[in-house]
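K.L.:
3D model of this:
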Amino acid sequence: MCLFLAALGCDADSDSAADSAAPAVALLTSGPVSDAGWHAGAYEGLQLIGDSLGFRTSHQQTRTPAEFDEAFLAYAQSGYGLIFGHGFEYQDAASRAAELHPEVTFVVSSGSRSGPNLVPIVFGLHEASYLAGMAAGAITRSGTVGMVGGVEIPSARGTFIAFAAGVRATRPDAAVLETFIGSWDDVSAAKEAAAAQLRQGADALIHNVDAASFGFFQAVREARARGGEAWAFGMNRDQNDVAPDVIVGSAVINIPGIFLETARDWRAGTLGGPMLTGLAGGSVDFVPNPARSGVIPAASLVRIDEARAAIVEGRLEVPRIDFLEPAAGDPPSS
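P.N.:
Modelled structure (predicted):
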């Protein structure tokens with residue numbers, strides 16, 4: 001623990017130039033913030049909090065459950081009042097730390113559990129994923145689309161259920177392939193999973209991985225270099241510029257904006273969970289790639305806009321997985 005606390009001190013000094021008396025916020029990620037996706041968005045959010053609110057900031061990458069516990073406790077004992085665990089995998093460790101440190105607020109991205117000082121953020125990415133599915137259904141020529149995921153957690157499964165529903169809203173007879181590789185960051189495994197789906201005829205593929213997305217995009221790029229007509233979709237962050245030659249659009253979460261709102265509410269004393277976000281608040285969206293204009297037919301973009309409006313107005317309910325646990329004292333759901 002002493003070594004870990006020393007590491008936190010160094011990291012805090014390097015990550016933030018804010019006044020040492022300012023409130024302190026920390027971020028834990030289980031993967032690199034250079035992933036151009038999920039973790040990169042969280043790190044941008046941490047920086048936005050520091051720049052906009054003057055908070056001291058620190059970030060640590062933690063890979064194992066033991067490291068999750070150690071980092072939460074080290075930050076809490078070092079005076080950090082707001083700590084983000086960016087991913088469902090942090091839920092149990094955050095729950096334990098919240099009990100030990102009631103003076104600290106713990107926020108879990110895609111979390112499932114609420115408490116007096118434990119706040120889950122539910123991003124509503126399934127709504128944007130549904131719109132991406134509509135686009136995939138519109139551009140597939142083979143009638144087969146693919147989905148490559150990391151670890152099969154409820155939030156990731158939910159985005160794929162919604163994507164498949166969007167595909168079939170446009171192309172009812174479409175076949176939808178699904179592969180979970182068991183890792184968020186295994187570039188080789190994601191590349192092979194995407195290549196396998198391409199060999200099965202998929203020509204429009206989406207991912208829900210982190211750093212492994214680089215392998216996913218490369219598989220689609222190589223398929224196109226061989227003369228194929230495959231296209232890819234980004235996820236979690238606007239990835240349209242990551243592989244602009246193959247990405248036709250991205251299902252995007254405005255993670256930086258959501259993190260900033262969370263920190264503002266925490267500073268005001270109004271933060272409570274769960275935080276529910278989605279298309280209605282502008283926190284997620286499907287963003288076509290302007291560099292690939294024309295790949296998605298104009299008529300299909302109109303239908304996507306109509307579906308977006310219907311979701312926001314409550315006229316269209318997108319299939320989802322409800323993974324929130326009842327708060328203590330709440331009656332069980334029927």
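K.L.:
per-domain residue ranges of the protein.
P.N.:
Using automatic domain parsing, the domains assigned to the chain come out as 2-123+256-276, 125-253+280-312.
K.L.:
so for Glu325, which of the ones you listed sits nearest?
P.N.:
Checking the domains of the chain against Glu325 by C-beta to C-beta gives domain 2-123+256-276 as the closest, at 5.1 Å. (Glycine included, C-beta is placed from N, CA and C.)
K.L.:
out of the domains of the chain, flag the one nearest Leu324.
P.N.:
domain 2-123+256-276 (5.5 Å).
K.L.:
can you tell me the closest non-neighbouring residue to Gln47?
P.N.:
In space, and not counting its chain neighbours, Gln47 is closest to Thr57: 7.1 Å by C-beta to C-beta, 6 or more residues apart in numbering.
K.L.:
pretty sure the one you found contacts Ala22?
P.N.:
No: with contact defined as C-beta atoms under 8 Å, Thr57 does not count as touching Ala22 (9.6 Å).
K.L.:
neighbour count: those two, which is higher?
P.N.:
Neighbour totals were compared for Thr57 and Ala22, and Thr57 leads with 27 against 14 (other C-beta atoms under 10 Å).
K.L.:
so the more buried one, which of the three states?
P.N.:
strand (DSSP: H, G, I helix; E, B strand; the rest coil).
K.L.:
on that earlier part again, could I get the domains of the chain as TSV with distance to Glu325 and mean pLDDT?
P.N.:
Shown next, in TSV, are those (distance: least, C-beta to C-beta, whole Å; pLDDT from 0 to 100):
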stretch	distance to Glu325	mean pLDDT
domain 2-123+256-276	5	90
domain 125-253+280-312	11	97
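K.L.:
including distance to Ile321, could these go into CSV?
P.N.:
Formatted as CSV, these follow (distance: least, C-beta to C-beta, whole Å):
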stretch, distance to Ile321
domain 2-123+256-276, 10
domain 125-253+280-312, 4
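K.L.:
and stretch 99-116, C-alpha only, in PDB?
P.N.:
Coordinates of each C-alpha in stretch 99-116 appear next as PDB, following Å, rounded to 0.1, in the frame of the first residue of the first chain:
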ATOM      1  CA  GLU A  99     -18.600   1.200   2.900                       C
ATOM      2  CA  LEU A 100     -15.100   1.800   4.300                       C
ATOM      3  CA  HIS A 101     -15.000   5.500   3.200                       C
ATOM      4  CA  PRO A 102     -18.500   7.100   3.500                       C
ATOM      5  CA  GLU A 103     -16.900  10.500   3.100                       C
ATOM      6  CA  VAL A 104     -15.800   9.700  -0.500                       C
ATOM      7  CA  THR A 105     -18.100   9.400  -3.500                       C
ATOM      8  CA  PHE A 106     -17.400   6.500  -5.800                       C
ATOM      9  CA  VAL A 107     -18.800   6.500  -9.400                       C
ATOM     10  CA  VAL A 108     -18.900   3.400 -11.600                       C
ATOM     11  CA  SER A 109     -19.300   3.700 -15.300                       C
ATOM     12  CA  SER A 110     -21.900   1.100 -16.500                       C
ATOM     13  CA  GLY A 111     -22.400   0.200 -12.800                       C
ATOM     14  CA  SER A 112     -25.300  -1.600 -11.400                       C
ATOM     15  CA  ARG A 113     -25.400  -0.700  -7.700                       C
ATOM     16  CA  SER A 114     -26.400   2.500  -5.900                       C
ATOM     17  CA  GLY A 115     -25.700   3.600  -2.400                       C
ATOM     18  CA  PRO A 116     -25.400   6.800  -0.300                       C
END
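K.L.:
buried set for it?
P.N.:
101, 104-115 (16 or more other C-beta atoms under 10 Å).
K.L.:
quick one: the closest residue to His126 other than its chain neighbours and Leu131, what's the gap?
P.N.:
Leaving aside its sequence neighbours, His126 sits nearest to Ala162 (C-beta to C-beta, 6+ apart; 3.7 Å). According to C-beta to C-beta, to the nearest Å, Ala162 stands 9 Å off from Leu131.
K.L.:
ok, those two, which is more surrounded?
P.N.:
The neighbour comparison of Ala162 against Leu131 (other C-beta under 10 Å) goes to Leu131, with 28 against 25.
K.L.:
over to the nearest residue to that one once chain neighbours are set aside: give its phi and psi.
P.N.:
Spatial nearest neighbour of Leu131, excluding adjacent residues (C-beta to C-beta, 6+ apart): Phe286 at 3.6 Å. Phi and psi for Phe286, reported as degrees, to the nearest 10, are phi -100, psi 130.
K.L.:
bridged to the spatially most central residue of the chain, which residues?
P.N.:
For the chain, the residue nearest the mean C-alpha position is Asn236 (4.2 Å; C-alpha atoms, centre = their mean). Taking DSSP bridges as the rule, Asn236 bridges to Val252.
K.L.:
for it, give me its contacts.
P.N.:
37-38, 41, 125, 208, 210, 251-253, 255 (C-beta atoms under 8 Å, 6 or more residues apart in numbering).
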